[in-house]
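1. Sequence and predicted structure, then a few things I'm wondering about:
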Amino acid sequence: MAISAPSSTPIPLKWVGPLRITSTALGGTEEISVPLATYETPLWPSVGRGARVSTLVEGGIRAVVVDERMSRSILLEADDAATAFAAWQRIDGSREELQSVVSTTSRFARLIDLHVQIVGDLLFVRFELTTGDASGHNMVTLAADRLMDHILATVPGVRYGSISGNYCIDKKPSAVNGILGRGKNVVTEILIPREIVERRLRTTAAGVEKLNVRKNLLGSLLAGSIRSANAHYANMLLGFYLATGQDAANIVEGSQGITRAEDRDGDLYFSCTLPNVIVGSVGNGKGLPEVEEALTRLGCREDRAPGENGRRLAVLAAASVLCGELSLLAAQTNPGELMRSHVVLERGAARGDQVQGESD
């Protein structure tokens, strides 16, 4: 089988903003634009409308990184269930020893937790590591490979099953990642005064709250969504991931998140919780000139302590999600607004017109 030389596929990209964001990951409050690469051209003015709202609110979007880790699970075969359980106890009691093994693979990798599941005579061990500014896929796989060798050499009665047992779980919908964590867990929130909700979003706080319950919560429940209640996180994450050199397939777990909207005496409290934002400011995909330019403009190539650039990038991604989610839900409270915007923007873009949309 022959593999052709690398080529490229052009994806339209625009910088949208600025967004006003307050976060310790940014060192305070910043106003900054973000890049979104997408074929869905209405996404830019939609996110832009949310960004404009953020600049009209004191402090803008407030973002908190509540956890960060990357996981890889190995699969071991045991002689029987009793042997698998004994191996579990042995592994769990050897965490300091396991960390010593991890430290030989990278100066940034650190084992922070492990979890085990037994199915018959099979043992699934999920290792969770911090990985500095990298998203960490390769880092945790290398660490898991060395940990596997160590376990096979020191724990009796177990054999190699697979370097990845899907209890990680990578690029597939699941409940476990939202519970245990995989990537950066970022919460973004904003409190929008009534006047801005009505004038800029052309809706009411009560309308957004009602739609969020009916669409994002009840609709997602009926659809059988897994730990996910949102309108379109995947759109903003994919655009941001492609523009900044991320592994785009990670929007599968990244888009599993929860939108909350509450009417507070006419003001709108709005939040987006994204437990699996998998991004890195270094690593594979970051050598392309366009990606380097994007990361530099975002301030994610500065000389900082390990992990700080990665957390900054995750906050910017999550804030972009909030802007797009807010704008879409506001549009969907009004009959016909969403479709009118798409028709005007997409047909106008096809003609090369300068069109105005939801961002105004």
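-> Ah, there it is. Numbers count the residues shown, from 1 in each chain.
2. First-to-last residue distance for stretch 163-181?
-> 20 Å (C-alpha to C-alpha, to the nearest Å).
3. Return the set of buried residues in it.
-> For stretch 163-181, the neighbour count (16 or more other C-beta atoms under 10 Å) marks 165, 167-170, 174, 176-178, 180-181 as buried. Yep, even glycine has a C-beta here, placed from its N, CA and C like the rest.
4. now swap in stretch 302-314 and tell me
-> Buried residues in stretch 302-314 (16+ other C-beta under 10 Å): 304, 307-314.
5. What average pLDDT does the lengthiest strand in the chain get?
-> Counting residues, the longest strand found in the chain (DSSP state E) is strand 61-78. In this model, strand 61-78 carries a mean pLDDT of 98.
6. by how many degrees do the next helix or strand after that strand and strand 61-78 diverge?
-> Using DSSP states H and E, the next helix or strand after strand 61-78 towards the C-terminus is helix 81-92. Angle of helix 81-92 versus strand 61-78, following axes from the mean of the first three to the mean of the last three C-alpha atoms, to 10 degrees, is 130 degrees.
7. Quick one: list the elements packing against helix 81-92.
-> In terms of contacts (3 or more C-beta pairs under 8 Å, 6 or more residues apart in numbering; DSSP states H and E), helix 81-92 is packed against strand 61-78, strand 110-119, strand 122-130, helix 137-154, strand 158-162.
8. next SSE after that helix?
-> Downstream of helix 81-92 (by DSSP H and E), the next one is helix 95-103.
9. Now do the buried residues in that following helix.
-> 98-99, 101-102.
10. likewise stretch 246-263?
-> 246-248, 250-261, 263.
11. Can you tell me which of the residues you listed is nearest residue 229?
-> Nearest to residue 229 out of the buried residues of stretch 246-263 is residue 258 (C-beta to C-beta; 4.8 Å).
12. what's that closest one in contact with, if anything?
-> With contact set as C-beta atoms under 8 Å, 6 or more residues apart in numbering, residue 258 has these partners: 216, 227-230, 272-273.
13. Among the residues you listed, which lie within strands?
-> Those of the contacts of residue 258 lying in strands (DSSP E): 272-273.
14. Check the contacts of residue 258 against residue 149 and report the nearest one.
-> Using C-beta to C-beta, the contacts of residue 258 come closest to residue 149 at residue 227, 33.7 Å.
15. what ranges do the strands span in the stretch 151-300 of the chain?
-> Residue ranges of the strands in the stretch 151-300 of the chain, as given by DSSP state E, counting those that start in this stretch, are 158-162, 183-192, 258-264, 267-277.
16. Tabulate those strands (CSV), appending distance to residue 140.
-> Below are the strands of the stretch 151-300 of the chain laid out as CSV (distance: least, C-beta to C-beta, whole Å):
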stretch, distance to residue 140
strand 158-162, 15
strand 183-192, 11
strand 258-264, 26
strand 267-277, 14
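17. Nearest to residue 133, out of these?
-> strand 183-192 (11.3 Å).
18. Return the angle between stretch directions for the closest one and strand 61-78.
-> 160 degrees.
19. wait, what's in contact with residue 263?
-> By C-beta under 8 Å, 6+ apart, the neighbours of residue 263 are 204-206, 208-209.
20. And for residue 132?
-> With C-beta under 8 Å, 6+ apart, residue 132 has these contacts: 108-109, 282, 306-307, 310.
21. try 6 Å this time
-> Going by C-beta atoms under 6 Å, 6 or more residues apart in numbering, residue 132 touches 108, 306-307.
22. Just send those residues back as TSV, with pLDDT too.
-> As requested, those are arranged in TSV below (pLDDT from 0 to 100):
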residue	pLDDT
108	95
306	95
307	97
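23. between the residues you listed, which is nearest residue 146?
-> Set against residue 146, the nearest of the contacts of residue 132 by C-beta to C-beta is residue 108 (14.8 Å).
24. how about the helices in the stretch 151-300 of the chain?
-> With helices called from DSSP state H, counting those that start in this stretch, the stretch 151-300 of the chain shows them at 176-180, 194-200, 205-211, 220-223, 233-243, 251-254, 289-297.
25. returning to that earlier point: redo the buried residues of helix 95-103 as CSV? Include pLDDT and distance to residue 90.
-> Shown next, in CSV, are the buried residues of helix 95-103 (pLDDT from 0 to 100; distance: C-beta to C-beta, whole Å):
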residue, pLDDT, distance to residue 90
98, 98, 11
99, 97, 16
101, 98, 14
102, 98, 17
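26. Let me know the average pLDDT across stretch 214-231.
-> Here the average pLDDT along stretch 214-231 is 97.
27. ok, and for that stretch, which residues are buried?
-> 215-217, 220, 227-231.
28. related to what we said a few turns ago, and the contacts of residue 132 as a markdown table, adding distance to residue 42 and secondary structure?
-> Converted to a markdown table, the contacts of residue 132 look like this (distance: C-beta to C-beta, whole Å; DSSP: H, G, I helix; E, B strand; the rest coil):
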| residue | distance to residue 42 | secondary structure |
| --- | --- | --- |
| 108 | 39 | coil |
| 306 | 38 | coil |
| 307 | 35 | coil |
